[in-house]
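Engineer: coords please:
(2 chains)
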Amino acid sequence: MNQEEKQKLYEERLARYQAAISLEPVDRMPVGATAANYFAEVYAGYSNQEIVYDDEKWIDAQVQFYNDFPEVDVLRAGKIWAPLYDALGCNLYRIPGRDLPPGGQFQYVEMERMKTDEYDLLINSPVEFFMERYLPRTFSEFKERGSTRSYIAFLKGGLGFMMRSAINKKISETLQKKCGIPQPICGALLTPFDFLADGLRGLKGIMLDLYRKPDKVLEACDSLVDQMVRGALAGADPQCRIPIFLPLHRGNTPFLSPKQFEIFYWPSLKKTLEKLIAAGYQVRAYLEGDWSHNWHHFRELPKGSVVCDIDTQGDIYKAWEDLGGWQCIVGGMPDTTLILGSPEDVKARVKELCENIGKDGGFMITGGCSFPYDTKPENFRAYVDAVLEYGRYNDSVKMEVKTSTPSTEQIFDSKPAVITPWETKAEELGDIMGDEELIKQSWEMLEHLAYNWLWAWTW
Amino acid sequence: MGKLSELAQALMELNEFKFLELVDEKLKKKEDPLEIIKECNAGMVEVGNLFSENKYFISELMFSAELFKEAMKKLEPFLGNSKTKEQSGEIVIIGTVEGDIHDIGKNIAANLIEGSGYRVIDLGVDVPAEKFVEELKKTGAKVLGLSAMLNFVFPEMKNVVDSIAEAGLREQVKIIIGGAPCNEQVRKFCGADYYAKDASAGVTICQEIYSSE
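Structural biologist: Now for the predicted structure:
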């Protein structure tokens, strides 16, 4: 296949994916359309350590996977680039080959990195909160503050942050050029409640706060909305073709009761989604755990604006009943069938789902938010073949890639924050001899990057 | 269920101030701390029941466990050498299997089982099979709970069950598996005896096992 044909294939796949998630006419169900594909990470035989430390192997693993499963329509495997976390001594993850066996699965380490009496500091002085409280608890390289080692750690953390963006770009460009395959997501964020619950307070902390200081939890969630949106837009697709990823961790039952969800979780989540949608984006929400009590809320948002990944614990039939035809539903293949079942089980499940739901689109069959590491290769093959056999709608439908320009004006309630405002710098510089605006713009651009960096270490 | 005491009721209703005040009052009146613990157990059992009826959720379980812990802190200095059920025979060993460091579900289950009056030996997370075997040998426990959050560790759960059989302990112990990715299919794959769909199902299974002796 020459370059032109690959580009054509890329556009065809992207258009199919866009049509499916937007509930528009589509020729068939996209294949393998998870936001993350764990199986593809390990399929080629590299260890988990090699994938998280060596970006060439990270890319090659995906290319090899693609070579054996060229029917897959979108592909993204892997999230962690471990050298960045080592540079800072960041304690957010246990990492294969470092503090897990090379074949182990990276895992998030939840702890109380923000104390219960620090809500006001987070809300009113986030820079001080991160610099003085949160980051020293999260980065071991900051232990001796003011030391050469700690300055260099900051430097490496900044350089590594930019390198990670470059690696992500390289992955998406390589997959586009070599395989003609698009990314399922671009840019990511947490919803305010999860931002608070995951990295900052930890689950136990946030659960006790719900009883002991509910007003502070609400105030904090509200204050976080603009920053969550800004962080997401910084990494989003500038042409708005690909949805932004939003893993939702604690909005399920039994973590929160439906009443707690409505009070503490949904209002700031809804505001966050509305802003991203107003900016011109779709959001791919990964509904971890059982969301059946709460997912009806996604009907409050515009049709086709939020792609809903249904986890294995959620009932795909109920999801379809509650949301089908309004938001795209993704999932339905139990992880245990992929891991422990047979190709016949997989085929039968795909057939059953295709016969019962999503007959006109708006539905993509995948594992629960991912394809598990231990998926049997013959089961994945059976899945691909069955989707191609049973997930066809109308071969004559023609789809085209849609692009637009993000509109970020007026969606924010607050001005973008900086650490050192231009006014302070300008005063220090005194008389500026040339074009002040030119200097100011660059100053503020780097200030915004640095400010976002401070917020980037909670997950 | 009989009528709950005022203390058990306050715990069940998660009324922190009233509950701890009642504990203080009872201690002041020199009531038997073991009786106070029994009342707390009754409240915790009721919390578990509400959870299994979908009236309570995880925040209620976690907050009630926190309240119970605070009460125990007050009671401990008065317990002296007296034996509670926690120190007697009915032991439940629990842990998250090797390769998985998730502890939320495991802790919730441990708290609820302990709150229901069992002595829980919590081996923590990332627990190797040998550690489970060793602890079973040492304590003679009849119930073992294996927790997992990652579907990646199904083979490790099976390995624990197999190791227990190899050590000749399989007859001695009933094995329960639990955690988000588990189901009946996983139970069969591992060769465990029970699959608990949540923490309160785990308590019911413990009761079933220990009452059938």
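Engineer: tell me which strands and helices the one helix or strand B:P155 maps to is in contact with?
Structural biologist: Secondary structure assignment for B:P155, by DSSP states H and E: helix B:154-166. Applying 3 or more Cβ pairs under 8 Å, 6 or more residues apart in numbering or on different chains; DSSP states H and E, one finds that helix B:154-166 contacts helix B:129-139, strand B:143-147, strand B:174-178, helix B:184-190. Backbone N, C-alpha and C define where each C-beta goes, glycine included.
Engineer: average pLDDT across that helix?
Structural biologist: If you average the pLDDT over helix B:154-166, you get 96.
Engineer: for the residue located most distally from the centre of chain B, which residues are in contact?
Structural biologist: Centroid-distance maximum for chain B: B:K29 at 30.3 Å, with Cα atoms, centre = their mean. Neighbouring residues of B:K29 by Cβ atoms under 8 Å, 6 or more residues apart in numbering or on different chains: there are none.
Engineer: tell me the most buried of the helices and strands packed on helix B:154-166?
Structural biologist: Stretch with highest mean neighbour count among these: strand B:143-147 (a mean of 28; mean count of other Cβ atoms under 10 Å in any protein chain shown).
Engineer: what does chain B put close to chain A?
Structural biologist: Proximity of chain B to chain A is confined to B:14, B:16, B:51, B:54, B:56-60, B:62-63, B:66, B:99-102, B:104, B:150-152, B:154-155, B:180-181, B:183, B:185-186, B:189, B:198 under the rule Cβ under 8 Å from any Cβ of the partner chain.
Engineer: and the helices in chain B, which stretches?
Structural biologist: B:6-12, B:16-28, B:33-52, B:58-79, B:104-115, B:129-139, B:154-166, B:184-190, B:199-211 (DSSP state H).
Engineer: check those for me and report the most buried one.
Structural biologist: On a mean-neighbour basis (criterion: mean count of other Cβ under 10 Å), the most buried of the helices of chain B is helix B:104-115, at a mean of 24.
Engineer: what mean pLDDT does it get?
Structural biologist: Here the average pLDDT along helix B:104-115 is 90.
Engineer: how far is it from where the chain is centred?
Structural biologist: Taking Cα atoms, centre = their mean, to the nearest Å, one finds helix B:104-115 lying 4 Å from the centre of the chain it belongs to.
Engineer: let's see it as CSV, backbone CA atoms only.
Structural biologist: Extracted C-alpha coordinates of helix B:104-115, given in CSV (Å, rounded to 0.1, in the frame of the first residue of the first chain):
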residue,chain,number,x,y,z
ILE,B,104,-10.3,-0.2,48.7
GLY,B,105,-12.6,-3.2,48.2
LYS,B,106,-10.5,-5.4,50.4
ASN,B,107,-10.5,-2.9,53.2
ILE,B,108,-14.3,-2.3,53.0
ALA,B,109,-14.9,-6.1,53.1
ALA,B,110,-12.4,-6.4,56.0
ASN,B,111,-14.1,-3.6,58.0
LEU,B,112,-17.5,-5.0,57.5
ILE,B,113,-16.5,-8.5,58.4
GLU,B,114,-14.7,-7.3,61.5
GLY,B,115,-17.6,-5.0,62.4
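Engineer: give me the helices and strands touching that helix, please.
Structural biologist: The contact analysis (3+ Cβ pairs under 8 Å, 6+ apart) places helix B:104-115 against helix B:33-52, helix B:58-79, strand B:91-96, strand B:119-122, strand B:143-147, helix B:199-211.
Engineer: the shortest one pairs with which strands, parallel or anti?
Structural biologist: In other words, strand B:119-122. Next to strand B:119-122 in the sheet, as set by DSSP bridges, lie strand B:91-96 (parallel).
Engineer: got a list of contacts for the strand it pairs with?
Structural biologist: Contacts for strand B:91-96 (Cβ under 8 Å, 6+ apart): B:102-103, B:106, B:109-110, B:113, B:118-127, B:131-132, B:135-136, B:139-149, B:179, B:206.
Engineer: go again with 6 Å.
Structural biologist: B:102, B:106, B:110, B:113, B:118-123, B:125, B:127, B:135, B:139, B:141, B:143-145, B:147, B:206 (Cβ atoms under 6 Å, 6 or more residues apart in numbering or on different chains).
Engineer: same question, stretch A:219-227
Structural biologist: Stretch A:219-227 is contacted by residues A:Y119, A:I123, A:P192, A:F193, A:F195, A:L196, A:S268, A:K271, A:T272, A:F412, A:D413, A:S414 when judged by Cβ under 6 Å, 6+ apart.
Engineer: in a markdown table: the helices and strands packed on helix B:154-166, plus mean pLDDT.
Structural biologist: Output for the helices and strands packed on helix B:154-166, formatted as a markdown table (pLDDT from 0 to 100):
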| stretch | mean pLDDT |
| --- | --- |
| helix B:129-139 | 96 |
| strand B:143-147 | 97 |
| strand B:174-178 | 96 |
| helix B:184-190 | 95 |
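Engineer: in the contacts of stretch A:219-227, find the pair that's most separated.
Structural biologist: Greatest spatial distance among these (Cβ to Cβ): A:Y119 and A:F412, at 22.1 Å.
Engineer: about what we covered before: dump the helices and strands packed on helix B:154-166 into TSV; add distance to B:E35 as well.
Structural biologist: Shown next, in TSV, are these (distance: least, Cβ to Cβ, whole Å):
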stretch	distance to B:E35
helix B:129-139	27
strand B:143-147	26
strand B:174-178	30
helix B:184-190	39
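Engineer: which one of those lies nearest to A:D68?
Structural biologist: Evaluated with Cβ to Cβ, those place helix B:184-190 nearest to A:D68, the distance being 26.1 Å.
Engineer: convert the C-alpha atoms of that closest one to CSV, please.
Structural biologist: What follows is helix B:184-190, C-alpha atoms only, in CSV (Å, rounded to 0.1, in the frame of the first residue of the first chain):
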residue,chain,number,x,y,z
GLU,B,184,-18.9,-17.0,38.7
GLN,B,185,-16.8,-17.8,35.7
VAL,B,186,-13.7,-16.5,37.4
ARG,B,187,-14.6,-18.5,40.6
LYS,B,188,-14.8,-21.6,38.6
PHE,B,189,-11.5,-20.8,36.8
CYS,B,190,-9.8,-20.3,40.2
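Engineer: please name every helix or strand in contact with that helix.
Structural biologist: Under the contact criterion of 3 or more Cβ pairs under 6 Å, 6 or more residues apart in numbering or on different chains; DSSP states H and E, helix B:184-190 touches helix A:335-340, helix B:154-166.
Engineer: cool, thanks, signing off.
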